[in-house]
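Here is my input; please provide its structure:
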Amino acid sequence: MRSEKITAIILAGGSGKRMGTACKKQYMLLGGRPLLFYALRAFEESCVDEIVLVTNEEAYCRRELVEQYGFGKVTRIVPGGAERYDSVYAGLLAAEGSGYVLIHDGARPFLTQELIDTAIEGAKKYLACAVGMPVKDTIKIADEDGFAVQTPRRDLVWQIQTPQAFSYPLILKAYEHVRERMPEGITDDAMVVEYGGYARVKLLRGSYRNLKVTTPEDMVLAEGFLKDWQCADGRTVSN
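Okay, the predicted model is just below:
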């Protein structure tokens with residue numbers, strides 16, 4: 001029997017300003033269901049023990065997602081904070097007693113069981129890991145005036161995704177350290193670990209389809225991906 005609890009923390013507190021709609025992106029319909037549904041379903045069907053959902057729409061999520069679709073692994077729904085790291089920290093506190101945690105953006109609907117397993121195995125082996133993909137395009141580093149000053153090797157540059165997975169004691173300590181110092185420019189959980197020097201973060205191959213829906217153009221891509229994805233696993237849009 002596995003002795004260490006594995007918890008998934010799903011972040012669903014974003015405002016979705018870049019989407020340009022009144023409805024927050026995580027609740028926009030994709031294939032007839034809220035975008036957030038897909039991440040919840042992926043973790044519900046995985047080997048994780050529990051799900052902590054971080055959102056400021058607790059009543060809606062409980063009624064329209066957790067209860068309607070029977071997501072029994074959602075044990076806690078907690079409010080998010082002003083910044084992303086505040087929301088993650090709230091999720092971490094709610095995941096007390098876990099051995100490992102996976103932190104995932106609720107606006108990434110194409111999470112697979114393979115990616116979840118990869119992240120869990122990575123956390124157990126390296127203590128800190130993130131899924132991502134090598135970039136396809138040439139990357140330029142610009143100065144403040146918009147002139148190119150450096151071209152890093154493309155094979156060494158990754159586009160980072162979620163889930164990011166960690167030893168629970170390690171990521172909790174790293175977040176407590178960051179919250180004491182409040183550094184600027186923290187955009188993901190791997191950076192929190194890197195900032196305190198708590199561990200080297202292993203990058204593991206994710207999927208180019210594991211996109212984060214942020215703009216209207218992303219929704220167009222997501223609709224196409226969903227049709228292919230459902231055909232591949234036998235599901236239909238109406239299920």
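
which of the residues in the biggest strand by length in the chain are buried?
The strand that spans the most residues within the chain, counting by DSSP state E, is strand 158-167. Residues of strand 158-167 classed as buried by neighbour count (16 or more other C-beta atoms under 10 Å): 158, 160-167. (Glycine included, C-beta is placed from N, CA and C.)

can you check stretch 130-144 too?
Using 16+ other C-beta under 10 Å as the test for burial, stretch 130-144 gives 130-133.

Leu115: which of those is nearest?
Val131 (5.8 Å; C-beta to C-beta).

Can you tell me how far that closest one is from Glu44?
19 Å (C-beta to C-beta, to the nearest Å).

Kindly list the longest helix within this structure.
Taking DSSP state H as the criterion, the chain has its longest helix at helix 216-233.

what is the rounded mean pLDDT of the longest strand of the chain?
Taken as a whole, strand 158-167 has a mean pLDDT of 98.

What score does the spatially most central residue of the chain have for pLDDT?
For the chain, the residue nearest the mean C-alpha position is His104 (2.0 Å; C-alpha atoms, centre = their mean). What the model reports for His104 is a pLDDT of 98.

give the contact list for it.
8-11, 39, 43, 111, 162-164 (C-beta atoms under 8 Å, 6 or more residues apart in numbering).

Ok, Glu57 next?
Glu57 touches 12, 24, 27, counting by C-beta under 8 Å, 6+ apart.

of the residues you listed, the lowest pLDDT goes to which?
When those are compared on pLDDT, Lys24 comes out lowest, with 76.

What number of residues are in the vicinity of that one?
22 (other C-beta atoms under 10 Å).

Looking at the contacts of Glu57, spot the one nearest Leu203.
Looking across these and measuring by C-beta to C-beta, the closest to Leu203 is Ala12, at 24.9 Å.

which residues of the chain fall in helices?
35-44, 58-61, 68-69, 84-94, 113-126, 168-181, 189-196, 216-233.

buried residues in the second one?
The reference is to helix 58-61. Applying a neighbour-count criterion of 16+ other C-beta under 10 Å, the buried positions in helix 58-61 are Cys61.

Report pLDDT for Val237.
43.

distance of the residue nearest to Leu111 when sequence neighbours are not counted from Pro79?
Nearest residue to Leu111, sequence neighbours excluded (C-beta to C-beta, 6 or more residues apart in numbering): Ala42, at 4.1 Å. Counting by C-beta to C-beta, the gap from Ala42 to Pro79 is 23 Å.

higher neighbour count, these two?
Ala42 (22 against 13).

Could I get the contacting residues of the residue nearest to Leu111?
Taking C-beta under 8 Å, 6+ apart, we find Ala42 in contact with 111-113, 116.

Output those residues in JSON lines, with neighbour count, pLDDT and distance to Ala142 appended to each entry.
Formatted as JSON lines, the contacts of Ala42 follow (neighbours: other C-beta atoms under 10 Å; pLDDT from 0 to 100; distance: C-beta to C-beta, whole Å):
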{"residue": "Leu111", "neighbour count": "30", "pLDDT": "97", "distance to Ala142": "32"}
{"residue": "Thr112", "neighbour count": "16", "pLDDT": "96", "distance to Ala142": "35"}
{"residue": "Gln113", "neighbour count": "12", "pLDDT": "97", "distance to Ala142": "39"}
{"residue": "Ile116", "neighbour count": "23", "pLDDT": "98", "distance to Ala142": "36"}
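
Identify, from the residues you listed, the entry nearest to Asp228.
Lowest distance from Asp228 to these (C-beta to C-beta) belongs to Thr112, with 12.8 Å.

tell me the angle the lowest-mean-pLDDT helix or strand in the chain makes with helix 35-44.
When the helices and strands of the chain are compared on mean pLDDT, DSSP states H and E, helix 216-233 comes out lowest with a mean of 84. Relative orientation of helix 216-233 and helix 35-44, computed by axes from the mean of the first three to the mean of the last three C-alpha atoms, to 10 degrees: 40 degrees.
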